[in-house]
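Trainee: Sequence below, structure please.
(one chain, ligands or ions: 1)
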Amino acid sequence: MRRGGSLAANKRGPELNKSTWAWAAVLLGSIAITPAFAADPGQALYEAHCSVCHGESGKGAPGTADFAGKGGPLSFPDAVIFERIAQGYRSAGSPMPMPAMGGKDGLTDQQIKEVIGYLRNKFGA
Ligand code: HEC
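Mentor: Sure, this is the predicted structure:
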């Protein structure tokens, strides 16, 4: 009886090892991924304040600017983009304006610069 019991325990050994390795892989994976998110504050800002309209892909809802398009909003110099993010913007005939994201209750100048850096890195131009 005792012998049988210990055999059964031995049989479970390799299975336990397998799942231990699986957990180790999951843990290592999340450790490797976490710093990538923390490394770019602009990305966190974009996801929190911009992607609801502009989308993860930068193409966004109809009526919003396509960041990825050639000759699009990112072809303007930083100062112009900064102004449009901070104070809002409406192009001729546009059905929907870009809301002002700066100001007293909005993003700080530094945060807007970080978001512009993220836009340029992520969507080119
Ligand atoms: C409520 C929806 C909404 C949110 C939130 C929003 N935008 Fe926009 N954004 C728009 C729309 C709509 C346009 C197009 C306006 C137009 O062309 O009249 C636009 C245009 C722009 C443009 C292009 C201006 C140009 O030169 O054509 C930039 C750059 C931009 N948004 C950046 C951002 C950033 C960065 C954030 C986050 C900090 C953000 N937007 C948040 C709706 C939004």
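Trainee: Give me every residue in the protein lying close to the ligand.
Mentor: 49-50, 52-54, 63-65, 73, 76, 81, 84-85, 89-91, 94, 96-99, 101, 107, 115 (C-beta under 6 Å from any ligand atom). Placement of C-beta: from N, CA and C, glycine included.
Trainee: Which pLDDT value belongs to Gly93?
Mentor: pLDDT, Gly93: 89.
Trainee: One more: the one 4 residues further on?
Mentor: Turning to Pro97, the model gives it a pLDDT of 94.
Trainee: That one contacts Gln87, doesn't it?
Mentor: No. The pair Pro97 / Gln87 is not scored as a contact, 10.8 Å apart, by C-beta atoms under 8 Å.
Trainee: re the thing from before, which of the residues of the chain next to the ligand count as buried?
Mentor: The neighbour count (16 or more other C-beta atoms under 10 Å) marks 49-50, 54, 64-65, 73, 81, 84-85, 89, 98, 101, 107, 115 as buried among these.
Trainee: Next step: the residues you listed restricted to helices.
Mentor: Counting by DSSP state H, the part of those found in helices is 49, 54, 81, 84-85, 115.
Trainee: So which helix or strand of this protein has the lowest pLDDT on average?
Mentor: One helix or strand of the chain scores below all others by mean pLDDT, DSSP states H and E: helix 2-38, with a mean of 54.
Trainee: Out of the ones in helices among the buried ones among the residues of the chain next to the ligand, flag the one nearest to Asp40.
Mentor: Each of these was scored against Asp40 by C-beta to C-beta, and Val115 proved nearest at 10.1 Å.
Trainee: Distance-wise, check the closest one relative to His54.
Mentor: 11 Å (C-beta to C-beta, to the nearest Å).
Trainee: now swap in Pro99 and tell me
Mentor: From Pro99 to His54 the distance is 12 Å (C-beta to C-beta).
Trainee: Repeat that for Asn121.
Mentor: In terms of C-beta to C-beta, Asn121 sits 15 Å off from His54.
Trainee: Thanks again, I'm all set now.
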